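Participant: One predicted model, sequence on top.
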Amino acid sequence: MKIKVEDLKFAYGMRKVLNGVTASFDEGKIYGIVGKNGAGKTTFFKALTNIITNYSGTVSYNDENVLKNSSVLTKTGILLDDIELYKSYTGWFNLRYFGGLRGNFDEDLARKLADELDLLASLDLKVSAYSLGMGKKLLLLISLMNEAEVLIFDEPLRGIDAKSVLWFRQYLLNLKQTGKTILISSHVQEDIEALCDEVFVLADGTFTEAFDLTDTRQMLRYKVVVSDPSVLTEVLKNEGHAYEQREESIIFEATPEQFQTIFQACVSRDLMFEEIKKESKFAEFVK
Ligand SMILES: Nc1ncnc2c1ncn2[C@@H]1O[C@H](COP(=O)(O)OP(=O)(O)OP(=O)(O)O)[C@@H](O)[C@H]1O
């Protein structure tokens, strides 16, 4: 399903949070929404899913306005941090209740995924006895229960163990292959890099930057330590790259192809690279 957002504006009282967000999200892709604490990522997701409705602008799924036809949301799975589970009931109760709210509940699928997430045995316990990570895994399972066409995850991997993070990443990449539309917010650069095709930066109420992570010509930020910085800085100058020297490191921007040219020019002058770190430029907006 294609999601289209036009000029979305929303305020909590006097506090403007979304101030004219326009974007569209296609099938078969994973989108990252990043931004500082309080930038409005959760609020944006709530507006996409009718948890917040008193906004101006439009949100449509396959050209159906969600405010006018909320039934399109039966095809949406959402994980938000602040969904209140029934703590005095078991994991199974919560899974069947919330997982089944929007349609058929597939007990076999629930059991299979719970097993893969090492949560199966704990589903018989009351949620009040869950650790933070177990609660998060239960929320993850709930969001995956209704075979949604659109999946929206607010910080889905915060607090869960490394094995489950890898499991969940692979699960999402498989879902993407089946044509789902997936949005995810995260403060973890590796999760965004491993999962997302495109990244939008939310700041001051709008998307201020967008990065296409599938573009092999994207500019990366390199941070390197070399045996003789003067050789590298000379090569960078010759190749027309600005750079910054910070303690031991030299920092500059280049595409992977440009980096190869710089690297070869340096190596042919016997320069040793002691450390090479690279990161996508979006990384500065994630933390
Ligand atoms: N129910 C609420 N009532 C009033 N203000 C709220 C409410 N929920 C959020 N806000 C405010 O709206 C702003 C955006 O919050 P939101 O939770 O959407 O940000 P976020 O980008 O998801 O942040 P984080 O990265 O910390 O999760 C913040 O200033 C927050 O204090």
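Facilitator: Received it, and whenever you're ready, just let me know what you need.

Participant: quick one: contacts for residue 92?
Facilitator: By CB atoms under 8 Å, 6 or more residues apart in numbering, the contact set of residue 92 is 123-124. Any C-beta I mention is one placed from the backbone N, CA and C, and that applies to glycine too.

Participant: how much space is there between it and residue 139?
Facilitator: Residue 92 is 14 Å from residue 139, where distance means CB to CB, to the nearest Å.

Participant: Kindly report the same for residue 242.
Facilitator: Applying CB to CB, the value for residue 242 to residue 139 is 45 Å.

Participant: the more surrounded of the two?
Facilitator: Neighbour count, other CB atoms under 10 Å: between residue 242 and residue 139, residue 139 has more, with 23 against 9.

Participant: Is it correct that the more buried one falls within a helix?
Facilitator: Yes: counting by DSSP: H, G, I helix; E, B strand; the rest coil, residue 139 is found in a helix.

Participant: thinking residue 195 is in contact with residue 169, fair?
Facilitator: Yes: the criterion here is CB atoms under 8 Å, and residue 195 meets it with residue 169 at 5.9 Å.

Participant: And the two? Which one has more around it.
Facilitator: Here residue 195 and residue 169 are compared on neighbour count by other CB under 10 Å; more neighbours surround residue 195, at 24 against 17.

Participant: quick one, what contacts the nearest residue to residue 176 once chain neighbours are set aside?
Facilitator: Distances taken as CB to CB, 6 or more residues apart in numbering put residue 30 closest to residue 176, at 5.3 Å, once the chain neighbours are dropped. Listed by CB under 8 Å, 6+ apart, the contact set of residue 30 reads 172-173, 176, 182-184, 195-197.

Participant: just residue 89 next, same as before
Facilitator: 97, 126-127 are the contacts of residue 89 under CB under 8 Å, 6+ apart.

Participant: now with 10 Å?
Facilitator: By CB atoms under 10 Å, 6 or more residues apart in numbering, residue 89 lies in contact with 96-97, 126-128.

Participant: pLDDT and distance to residue 147 added to those residues, as a markdown table?
Facilitator: What follows is the contacts of residue 89, written out as a markdown table (pLDDT from 0 to 100; distance: CB to CB, whole Å):
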| residue | pLDDT | distance to residue 147 |
| --- | --- | --- |
| 96 | 90 | 16 |
| 97 | 88 | 17 |
| 126 | 96 | 28 |
| 127 | 95 | 24 |
| 128 | 95 | 29 |
